[in-house]
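Undergrad: Can you look at this prediction? I've put the sequence above it.
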Amino acid sequence: MKKIEMIIRPEKLEDVKEILNESQIFGMTVLMVSGCGHQKGRKEIYRGAEVTINLLPKVMVQTVVHDDEVQKIIEKVTQRVKTGNVGDGKIFVYNVEEAVKIRTSESGENAI
């Protein structure tokens, strides 16, 4: 099992949800986050003073999938979410040692 963590532009959330639903992946966690990277923020004028805002709003989508689905999800997300501009986001993949469905006590791959 693998955990896929996608940090994306907020306006691309619906695209990622569609991709996961089309792939029969219905479990996901969505978090509103702030972050910075190569984008380095933006400058704004606040009460006449220039202010650098270096933490930009992003959305983090997390899901756990079977090993054989990881590459397919990554390819679909990168194709549909990519704008070609700095700040498109990142995808991280982690090994998941165990999963337990609390309601039924199922464990392992049966829990996802």
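TA: All right, it came through fine. If you're wondering where the values come from, they're calculated on a predicted model, not measured in any experiment.
Undergrad: what packs against the helix or strand bottoming out on mean pLDDT in the chain?
TA: Least confident helix or strand of the chain, by mean pLDDT, DSSP states H and E, is strand 42-46 with a mean of 75. Strand 42-46 is packed against strand 49-53, with contacts defined by 3 or more Cβ pairs under 8 Å, 6 or more residues apart in numbering; DSSP states H and E. For the C-beta atoms, the positions are set from N, CA and C on the backbone; glycine is no exception.
Undergrad: quick one: contacts of the top helix by length along the chain?
TA: Taking DSSP state H as the criterion, the chain has its longest helix at helix 70-81. The set of residues that contact helix 70-81 without belonging to it, under Cβ atoms under 8 Å, 6 or more residues apart in numbering, is 2, 4, 6, 8-9, 12, 15-16, 19-20, 22-23, 25, 63, 65, 88-89, 91, 93.
Undergrad: now do stretch 8-26
TA: When contacts are defined by Cβ under 8 Å, 6+ apart, stretch 8-26 is touched by residues 6, 28, 30, 32, 57-61, 63, 65, 69, 72-73, 76-77, 80-81, 83, 87-89.
Undergrad: where does this protein have low pLDDT?
TA: Applying pLDDT under 70 to the predicted model, the residue ranges of the chain that meet it are 39-41.
Undergrad: if we can go back for a sec, which of the residues in the longest helix of the chain are buried?
TA: Residues of helix 70-81 classed as buried under the neighbour-count rule (16 or more other Cβ atoms under 10 Å) are 70, 73, 76-77, 81.
Undergrad: what are the pairing partners of the least confident helix or strand of the chain, and which direction each?
TA: For strand 42-46, the pairing partners within the sheet under DSSP bridges are strand 49-53 (antiparallel).
Undergrad: what pairs with the following helix or strand past the partner strand, and is each one parallel or antiparallel?
TA: Moving toward the C-terminus from strand 49-53, the first helix or strand encountered (DSSP states H and E) is strand 56-65. The partner list of strand 56-65 in its sheet, established with DSSP bridges, is strand 2-8 (antiparallel), strand 29-35 (antiparallel).
Undergrad: which residues touch strand 56-65?
TA: Under the contact criterion Cβ under 8 Å, 6+ apart, strand 56-65 has outside partners 1-10, 12-13, 16-17, 20, 25, 27-36, 39, 41-42, 73, 87, 89, 96, 99, 112.
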